[in-house]
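In: Fold the following and give me the result.
(3 chains)
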Amino acid sequence: MGGEAVSRFWREIPQRYNLIGTKCKVCNRIYFPQREVCPFCRRKSIGKMEEVKLSGRGKVITYTIIHVPPRKFEGQVPYAVAVVELEEGVRVTSQIVDCDLDKIKIGMEVEATFRRIQDDGWTGAIYYGYKFRPVEKHEDKK
Amino acid sequence: MREVAIIGVGLTKFGELWDKSFRQLITEAGTKAILDAGIKGSEIDALYVGSMSPGRFVGQEHVGALVADSSGLSVMHIPATRIESACASGGMALRHAYIAVAAGIHDIVIVGGVEKMTDVVGSEATNILAMAADQEWEAFFGVTFPALYAMIARRHMYEYGTTREQLAMVAVKNHENALLNPNAQFHRKITVEDVINSPPVATPLNLLDCSPISDGAAALVLCPLEKAKEYTDKIVKIIGSGQATDSLALHGREDICTFMSTVKASREAYKQAGIQPKDVDVAEVHDCFTIAEILAIEDLGFVKKGEGGKAVEEGLTARDGEIPVNPSGGLKAKGHPVGATGVAQVAEIVLQLRGEAGKRQIPDARIGLAHNIGGSGASCTVHILEAV
Amino acid sequence: MGKVGIVSYGAFIPIHRIKVDDIAKTWGRDGETIKKGLGVYEKSVPSLDEDTATISVEAARYALARARINPKEIGAIYVGSESHPYAVKPTGTIVGEAIGATPSLMVADYEFACKAGTAAIQSCMALIETGMIKYGLAIGADTAQAAPGDALEYTAAAGGAAFIIGKDGVIAEINGTYSFTTDTPDFWRREGRKYPAHGGRFTGSPAYFRHIINATKCLMEKMGTKPEDYDYAVFHQPNGKFPRAVAKMLGFKEEQIKQGLLCPFIGNTYSGSSLLGLAAVLDVAKPGERILLTSYGSGAGSDSFDITVTDAIESFPREKAPTVSQLINRKNYIDYAIYAKYRDILYWE
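Out: As a prediction, this is how the structure comes out:
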């Protein structure tokens, strides 16, 4: 996304900020991103898709550490991206952050966090969205 | 439905061709194909061209008309159609040209594939290639095209024990094959260590696991089988053609390590051809990354799911193996001008079945298969050809 | 339904830290001297993908996780910061969307150097007292910028805290508040400039100390209290020395300020500073305990609050979000080179 219309981003805010997906009330399958029609129920599902907020908790199905970035991601190299399977059975793709890169494993438990994904340069809009961080056991100490 | 033959083949060199423009490349390939077929330009009824993103690479859309014009065919006002399916644009163009001829709509059809990737800087090319992925739900988050295949590789290694070395062996084999292909981008022997030690791109894939950025074009001349003898003795016919899709994003797949698009498209082609995978004598498969070739030989049914790595290691897919794969050098070593690839793969199979593949000829090749993938497996075409 | 107060709270501190030693080394200074002089050992650093909006959202989400309210019942969101991602387009709208509080919502962004967050609390209190809203969300968060090589570089840090204010289910009542404000140019940043400027030693006595002392004294006079009436005192923490000094001047003891004194471990989180201190206190406070909070914002002003913890804190589900202590302990050290990249000090196009 470079200098493109902000409307394309704005439209996806509920999904990008809050992981709002849709559930087919006919077969109960959950989809993310949102769908107008269930691929399995097809016409039976028209008008029967309701919004559902996903918990953001899931586990890593597969991942990679990117060393050759696309433009605008150079400062983050090396960074990890992963396919994460959320509790609801839906899979999404995003970065893994707040984690030593060599500690990332298939099966690792993660939770969604709100981060800056991209921006349209110094003067452009900022696009926020979800990334994932490891679910840690919190330790008390001072 | 009529049977369709391929009577002409044309290829440019693949590589960083600084002095050749988009128009020059496709015209060169088309001209070679027409001369090879022995037809006159005025006999061409229609043109199909596959190109992934001339709009971003050279700022040019409307390339159906452009290619007809550059090749001197627009003076005859023939129909020209540009087909796009990311990296499967070429194979897709052939598929739809084939359908037109088989259905009796056109007789002589020229199919081209072309991509001019070096008129933009490397990082821009990376961004353009990522358009084959899901823009809103993959690329937006910083995912690159190599990253998608890297994630497939990592999962394949996790589920099936495929090793890093086995991945590298695909690149080693294809480089070895390309030494005998004069049009290939690379004429350089490499070792497994070279691959593993090359700079990391997206772990576990390194630079030498990835096909390069290339310029190039390829073209084929299609003709109804019943007319082919008027032009040539070396007739190769299309006996199977398949096309399929799968979810655009990798995370939408049923199984990260299986390309259902390959499975469906190939089964459709095998069924039409009346053959089994084991009947294929030679194959050109889509090795945009080393892992892609391993997945391809599994999904095409040459080996069982999970055994692709072992098959490469045991030499099953070497030129002297049971099922030689990518004798041209594959996308890895021959080059991957995106839109041209699908057409070039079929061109190689035609040459193999005609016995014209020179030093890299696979002996007694009678049935060949070409497999072309778009994106991370969201679209696929498979064509099966037989020597007549 | 009694006094207006804090219904819930949440905090967030980015994971990265840089040691004062490493900053000192870059500029050829002695780390030990600086640590002794400032009373700060390390500070928090935001990643490239973090900013005041992301920190505010995380803190707000944690506050909501602990509260048992419907986000749509939040009637106003005020985010106070001196590093809002946009000069024009309020951080509050991003937070509002990210917590599901939109669209029936009042929003505006606040700026008052390091006390913008407490100003937000005061506004929420008034809106609730008048019955205009049921709950208000006040946030103080920053990803402070400091000029490379400047004294502020050792302490300018990142972090934030969010407070849900209301009358229903209050865990800490706000008995009263008092603000002391003057036009004192001790520290400022001109529009369009990247780094702030300051008056050196002028930021001490006529600025920080004058305003905190006056605000606190006037509040205690208004409330009829003395320092020993409070179990905890939280002051704005630009470094580890000032809050200790002002506490002493006002008659507070080390044990009272200890729990809320975070600066030595995370630096000065600017608009998050006194609010994170308050959150740290609420993490351990028991029913009946009394807290004095005085913030300070350059320019200049102080907001002072008298807070009493209620019985409701016993059943308050703190465990649903990380405590300030857990956030402080969740850390990853980076060196000056990575710090420079993250803080966008390197020139690159």
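In: any idea where the helices of chain B begin and end?
Out: Remark: helices assigned in chain B by DSSP state H are B:22-37, B:54-57, B:63-70, B:89-102, B:122-129, B:145-160, B:164-178, B:192-197, B:225-228, B:260-273, B:290-299, B:308-313, B:330-334, B:338-354.
In: Buried deepest among the ones you listed, which one?
Out: Most buried of the helices of chain B, by mean neighbour count (mean count of other Cβ atoms under 10 Å in any protein chain shown): helix B:330-334, with a mean of 32. Placement of C-beta: from N, CA and C, glycine included.
In: For burial, what's the neighbour tally of the closest residue to C:Tyr135 other than its chain neighbours?
Out: Residue nearest to C:Tyr135 in three dimensions, not counting chain neighbours: C:Gly166, with 4.2 Å by Cβ to Cβ, 6 or more residues apart in numbering or on different chains. Here the number of neighbours of C:Gly166 (other Cβ atoms under 10 Å in any protein chain shown) works out to 26.
In: Kindly provide the distance from C:Gly166 to C:Gly39.
Out: When distance is defined by Cβ to Cβ, to the nearest Å, C:Gly166 is 36 Å away from C:Gly39.
In: Tell me the predicted confidence for C:Thr181.
Out: For C:Thr181, the pLDDT comes out at 97.
In: On the three-state scheme, it is what?
Out: Secondary structure, DSSP: H, G, I helix; E, B strand; the rest coil: C:Thr181 is strand.
In: got the contact list for it?
Out: By Cβ atoms under 8 Å, 6 or more residues apart in numbering or on different chains, C:Thr181 lies in contact with C:211, C:300-302.
In: check contacts around the closest residue to chain B within chain C.
Out: Here chain C gets closest to chain B at one residue, C:Asp49, 9.6 Å apart by Cβ to the nearest Cβ. Going by Cβ under 8 Å, 6+ apart, C:Asp49 touches A:76, A:95, A:97, A:115-117, A:131.
In: now with 10 Å?
Out: C:Asp49 makes contacts with A:73, A:75-76, A:79, A:95, A:97, A:113-118, A:128-129, A:131, B:142, C:14, C:342, as judged by Cβ atoms under 10 Å, 6 or more residues apart in numbering or on different chains.
In: same question, B:Phe259
Out: B:152, B:244, B:246, B:253, B:265-266, B:286, B:292, B:295-296, B:298-300, B:371, B:373, B:376-380.
In: let's see 7 Å
Out: B:246, B:295, B:299, B:373, B:377, B:380 (Cβ atoms under 7 Å, 6 or more residues apart in numbering or on different chains).
In: what bits of chain A have low per-residue confidence?
Out: A:1-4, A:137-142 (pLDDT under 70).
In: so what are the domain limits for it?
Out: A:20-53, A:57-141 (automatic domain parsing).
In: what's the offset of the first one from the middle of its chain?
Out: What that stands for is domain A:20-53. 18 Å (Cα atoms, centre = their mean, to the nearest Å).
In: near chain C, anything from it?
Out: No - judged by Cβ under 7 Å from any Cβ of the partner chain, domain A:20-53 stays clear of chain C, getting no closer than 7.8 Å.
In: Out of the contacts of B:Phe259, which comes closest to chain C?
Out: Looking across those and measuring by Cβ to the nearest Cβ, the closest to chain C is B:Gly377, at 29.0 Å.
In: The closest one touches B:Ala244, doesn't it?
Out: No - using Cβ atoms under 7 Å, B:Gly377 makes no contact with B:Ala244, being 9.9 Å away.
In: Alongside chain A, which residues does chain C contribute?
Out: C:15, C:47-51, C:53-54, C:57-58, C:85, C:94, C:97-98, C:100, C:322-323, C:325-326, C:328-330, C:341.
In: And the residues you listed, which of them are buried?
Out: C:15, C:47-51, C:53-54, C:57-58, C:85, C:94, C:97-98, C:100, C:322-323, C:325-326, C:328-330 (16 or more other Cβ atoms under 10 Å in any protein chain shown).
In: Report the contact partners of the residue nearest in space to the middle of chain B.
Out: Using Cα atoms, centre = their mean, the residue of chain B that lies closest to the mean C-alpha position is B:Gly342, 3.1 Å off. By Cβ under 7 Å, 6+ apart, the contact set of B:Gly342 is B:50, B:88-92, B:94, B:113, B:372, B:381.
In: Please give me every residue in contact with the residue nearest to C:Tyr135.
Out: So C:Gly166 contacts C:7, C:128, C:134-135 (Cβ under 7 Å, 6+ apart).
In: and C:Val95, helix, strand or coil?
Out: helix.
In: That one contacts C:Glu58, correct?
Out: No - using Cβ under 7 Å as the test, C:Val95 is too far from C:Glu58 to be in contact (10.0 Å).
In: What lies in contact with stretch A:19-32?
Out: Applying Cβ under 7 Å, 6+ apart, the external contacts of stretch A:19-32 come out as A:14, A:33-35, A:38, A:40-41, A:44-45, A:48-54, A:56, A:88-90, A:92, A:112, A:130.
In: Counting only strands, which of the residues you listed make the cut?
Out: Secondary structure from DSSP state E places A:49-53, A:92, A:112, A:130 of the contacts of stretch A:19-32 in strands.
In: so can I have CSV of those residues showing distance to chain B and neighbour count?
Out: Putting those into CSV (distance: Cβ to the nearest Cβ, whole Å; neighbours: other Cβ atoms under 10 Å in any protein chain shown) gives the following:
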residue, distance to chain B, neighbour count
A:Met49, 17, 20
A:Glu50, 21, 10
A:Glu51, 17, 12
A:Val52, 17, 16
A:Lys53, 17, 12
A:Val92, 6, 26
A:Ala112, 12, 22
A:Tyr130, 8, 22
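In: now the residues you listed as CSV including distance to C:Ala144?
Out: Putting the ones in strands among the contacts of stretch A:19-32 into CSV (distance: Cβ to Cβ, whole Å) gives the following:
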residue, distance to C:Ala144
A:Met49, 45
A:Glu50, 43
A:Glu51, 38
A:Val52, 38
A:Lys53, 33
A:Val92, 33
A:Ala112, 26
A:Tyr130, 26
